[in-house]
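S.K.: Pasting a predicted model and its sequence here:
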Amino acid sequence: MRMGYIYIALTILFTVYGQLTLRWQMARAGELPPALTAKLFFLLQQFANPWVLSALASAFIASLCWMAAMTKFELSFAYPFMSLSFVLVMFISLLVFGELFTWHKVLGTLVIMGGLFIMTR
């Protein structure tokens, strides 16, 4: 059972890494062009970025960890833990990217954590 929690933790960590890395690199890449073909070309160009590729690889590894977690727990028990990725991304985004701090975000985070606590009891 302990390995199941490790698989969940790894799923969360790889998910958070991927989201934060994509946010960082897409902010550096600039605005999405208005024309449809330019949008597609812009997004496809991002596959040449090693950081973007690492974020996509991270999503794949997170999926593998999640599949392993599903061999240890029922989905209804394990899935609420994924909400921790929302919490981590919010806090790290505030610190690293200087995103806007609002009490609505804090309240939402507390509700998520409270829900997780209730669901795992």
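M.R.: Yep, that arrived. Treat the numbers as computed from the prediction; the structure is a model and nothing was measured.
S.K.: Could you check how far stretch 56-64 is from the centre of its chain?
M.R.: Offset of stretch 56-64 from its chain centre (C-alpha atoms, centre = their mean, to the nearest Å): 11 Å.
S.K.: How about stretch 109-121?
M.R.: Per C-alpha atoms, centre = their mean, the displacement of stretch 109-121 from the mean C-alpha position of its chain is 18 Å.
S.K.: Stretch 45-52 now?
M.R.: Mean-position distance between stretch 45-52 and its chain equals 18 Å (C-alpha atoms, centre = their mean).
S.K.: cool, and stretch 47-57?
M.R.: 15 Å.
S.K.: How about residues contacting it?
M.R.: The contact list for stretch 47-57 (C-beta atoms under 8 Å, 6 or more residues apart in numbering) reads Tyr17, Gly18, Gln19, Thr21, Leu22, Trp24, Gln25, Ala29, Gln46. All C-beta spots, glycine's among them, are computed from the backbone N, C-alpha and C.
S.K.: so the third one touches Ser85, yeah?
M.R.: Yes - with contacts defined as C-beta atoms under 8 Å, Gln19 counts as touching Ser85 at a distance of 7.4 Å.
S.K.: Need the max-distance pair from the contacts of stretch 47-57.
M.R.: Spatial extent of the contacts of stretch 47-57 (C-beta to C-beta) is set by the pair Tyr17 and Ala29 at 18.2 Å.
S.K.: Who has more neighbours out of those two?
M.R.: Tyr17 (19 against 14; other C-beta atoms under 10 Å).
S.K.: returning to what we had before: which of the contacts of stretch 47-57 lies at the shortest distance from Met67?
M.R.: Gly18 (16.3 Å).
S.K.: so what's the closest one up against?
M.R.: By C-beta under 8 Å, 6+ apart, the contact set of Gly18 is Ala55, Leu56, Ser58, Ala59, Ala62.
S.K.: How far does the helix or strand the first one falls within sit from its chain's centre?
M.R.: Assignment of secondary structure by DSSP states H and E places Ala55 within helix 50-70. For helix 50-70, the distance from its own C-alpha centre to the chain's C-alpha centre is 10 Å (C-alpha atoms, centre = their mean).
S.K.: Fine, thanks again, bye for now.
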